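K.L.:
Next input, structure requested:
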Amino acid sequence: MLDTKRYLFKGSEAKVGGFFYKLPFSPNHYTASSFVFALISFYFLIKQKLLLTIIFFLIAGFLDFVDGSVARNKGMESKMGAYLDTIIDRYVEVTLLIGLLFLPLPTILLPSKIWISLIIFGSLMTTYSKAAAKEKELTDQELKGGLFSRGERIIFLLLALVLGIFDSSYLWMTYVLIFIAILVNITAVQRINSAIQKNK
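P.N.:
Here you go, the predicted structure:
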């Protein structure tokens, strides 16, 4: 849902871009740096240092916010930059999810690795269903919306990590991951159905 409400962040984006565009870095530098910090976050995650995981993942997310705003402020928007930004976004998100596989999460109905795999699958299908609809010319606009787009996924993944700090059994973290796994796959189905409905 948040991907349809980006206009709410225009003011903040302009302020951030107004500061960072003065620095001698291109938008692509910020994009690449986002992935570097995601890798640092991954390292701390497999070491079960969740506070540091959250801090570096937030930095990665902030840099992802910065790259687009800098591109607009510097007049450097390009299709290549937008493409790289999208690709790095996927790498950042999946890096965190793979890191979760190293935690001793409890089994709830299914092994935790299955739930995490379902999140990865649903996330990729949510993105791919959008790209495929445009590639196959079912729609001339990007499919957006649904219950759980990338913004919601990131927020709830951070919530899961926060809960893990206070609960060493990781029980509540696992419940949140199950919640994400279910809703992200529902969202993929919503987008697939949206593409089909547009062509009836």
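K.L.:
Identify the spatial nearest neighbour of Val92, chain neighbours not counted.
P.N.:
Closest residue in space to Val92, ignoring its immediate chain neighbours: Ala38 at 4.2 Å, by C-beta to C-beta, 6 or more residues apart in numbering. (C-beta placed from N, C-alpha, C; glycine too.)
K.L.:
Isn't Val94 up against Ser123?
P.N.:
Yes. Val94 lies in contact with Ser123 (C-beta atoms under 8 Å); the separation is 7.3 Å.
K.L.:
Between these two, tell me which one has more neighbours.
P.N.:
Ser123 (24 against 15; other C-beta atoms under 10 Å).
K.L.:
What residue, apart from its backbone neighbours, is nearest the more buried one spatially?
P.N.:
Excluding the flanking residues, the one nearest Ser123 by C-beta to C-beta, 6+ apart is Val184, at 5.7 Å.
K.L.:
How much space separates the residue nearest to Val92 from Phe44?
P.N.:
11 Å (C-beta to C-beta, to the nearest Å).
K.L.:
repeat for Ala195
P.N.:
39 Å.
K.L.:
go on, Asp167?
P.N.:
Per C-beta to C-beta, Asp167 is found 18 Å from Phe44.
K.L.:
start to end distance for stretch 41-55?
P.N.:
Counting by C-alpha to C-alpha, to the nearest Å, you get 8 Å between the two ends of stretch 41-55.
K.L.:
Leu45 is in contact with Ile98, correct?
P.N.:
No. Between Ile98 and Leu45 there is no contact under C-beta under 8 Å: 9.0 Å.
K.L.:
Which one of these two is surrounded by more residues?
P.N.:
Counted by other C-beta under 10 Å, Ile98 and Leu45 do not tie: Leu45 has more neighbours, with 26 against 14.
K.L.:
The nearest residue to the more buried one once chain neighbours are set aside sits in which helix or strand?
P.N.:
Excluding the flanking residues, the one nearest Leu45 by C-beta to C-beta, 6+ apart is Gly99, at 3.6 Å. Element membership of Gly99, judged by DSSP states H and E, is helix 79-100.
K.L.:
re the thing from before, Asp167 and Phe44: which has the busier surroundings?
P.N.:
Legend: neighbour count by other C-beta under 10 Å for Asp167 and Phe44, higher for Phe44 (18 against 12).
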